[in-house]
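Novice: Sequence plus the predicted model coming up.
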Amino acid sequence: GQQVMQIPQYQHVQEGEDFTTYCNSSTTLSNIQWYKQRPGGHPVFLIQLVKSGEVKKQKRLTFQFGEAKKNSSLHITATQTTDVGTYFCAEVLQGAQKLVFGQGTRLTINP
Amino acid sequence: GAVVSQHPSWVICKSGTSVKIECRSLDFQATTMFWYRQFPKQSLMLMATSNEGSKATYEQGVEKDKFLINHASLTLSTLTVTSAHPEDSSFYICSAPELAGIDTQYFGPGTRLTVL
């Protein structure tokens, strides 16, 4: 079935450093969503990207959707300890509202 | 945003018993809800789609007779893990789209099941 590959699996940074996680698909995505899951918590919706080449920003977070709609990235500028968690991309299966999640990138931060 | 609750938040049971997990949409109606399973340090895997008033749709490899899903109302879906075994121990999470045709989904807080 369809699968979204996400890298890296883990990322450890010093507080203040930047962080980026990438999602790639072999097929064209109708849209892609990003979620954050804190340790012990549940996924929380961050954003949805729909248009080719779309770039959206939420404060220190920048989300991009590739021109071919086969890849996406989440970039965090100047990480803070509150950014700790696992970030997932997810493909929304068109018409079914089902989510196919990437493997997630677990971000840990050294204060 | 919309709120989805789950009950219980955690449960410990003996092998061979059944466990029921409830998922409720608190301030909106959900004709469709989704059930996911997440093993430690892994991603979320969709188990099934719960449809109000009709049978659930199960993903490939998920045993429908083991994971019984009932969507009795527009605000409640239940997942029953029957004859639970230690390998069923996991974090079970439900989600619901707020409005039909809208892709944004709201996740419940999850239920951690431990089978002894």
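Specialist: Arrived safely.
Novice: Could I get the buried residue list for the lowest-mean-pLDDT helix or strand in chain A?
Specialist: Confidence across the helices and strands of chain A bottoms out at strand A:98-101, with a mean of 90, counting by mean pLDDT, DSSP states H and E. By 16 or more other Cβ atoms under 10 Å in any protein chain shown, the buried positions in strand A:98-101 come out as A:98-101. Using the backbone N, CA and C atoms, a C-beta is placed for each residue, glycine as well.
Novice: Return the distance of A:G53 relative to A:R38.
Specialist: Using Cβ to Cβ, to the nearest Å, one gets 30 Å for the distance from A:G53 to A:R38.
Novice: sorry, back to before: could I get the buried residues of strand A:98-101 as TSV with distance to A:N71?
Specialist: Below are those laid out as TSV (distance: Cβ to Cβ, whole Å):
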residue	distance to A:N71
A:K98	21
A:L99	18
A:V100	15
A:F101	16
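Novice: and chain B, which of those residues reach it?
Specialist: A:98-101 (Cβ under 8 Å from any Cβ of the partner chain).
Novice: helices and strands around the least confident helix or strand of chain A, which ones?
Specialist: strand A:85-93, strand B:44-51 (3 or more Cβ pairs under 8 Å, 6 or more residues apart in numbering or on different chains; DSSP states H and E).
Novice: Moving C-terminal from the shortest one, which element do we reach first?
Specialist: Taking DSSP states H and E as the definition, the helix or strand that follows strand B:44-51 towards the C-terminus is strand B:57-58.
Novice: How about the residues of chain A by chain B?
Specialist: So chain A meets chain B at A:1, A:31, A:33, A:41-45, A:48, A:88, A:92, A:96-104, A:106 (Cβ under 8 Å from any Cβ).
Novice: tell me the SS of A:Q33?
Specialist: strand (DSSP: H, G, I helix; E, B strand; the rest coil).
Novice: residue boundaries of the strands in chain B?
Specialist: Under the criterion DSSP state E, chain B contains strands at B:4-7, B:10-13, B:19-25, B:32-38, B:44-51, B:57-58, B:67-73, B:76-81, B:90-97, B:105-107, B:111-115.
Novice: Buried ones in stretch A:78-86, by neighbour count?
Specialist: Applying a neighbour-count criterion of 16+ other Cβ under 10 Å, the buried positions in stretch A:78-86 are A:79, A:83-86.
Novice: same thing with stretch B:105-114?
Specialist: The neighbour-count check on stretch B:105-114 (16+ other Cβ under 10 Å) flags B:105-113 as buried.
Novice: Could you state which residue of chain B sits nearest its centroid?
Specialist: In chain B, the residue lying closest to the centroid (Cα atoms, centre = their mean) is B:W35, at 3.6 Å.
Novice: check contacts around it.
Specialist: B:23, B:46-50, B:67, B:69, B:77, B:79, B:92-94 (Cβ atoms under 8 Å, 6 or more residues apart in numbering or on different chains).
Novice: ok, and the closest non-adjacent residue to it?
Specialist: B:M47 (4.6 Å; Cβ to Cβ, 6 or more residues apart in numbering or on different chains).
Novice: Local confidence estimate at that neighbour?
Specialist: Turning to B:M47, the model gives it a pLDDT of 96.
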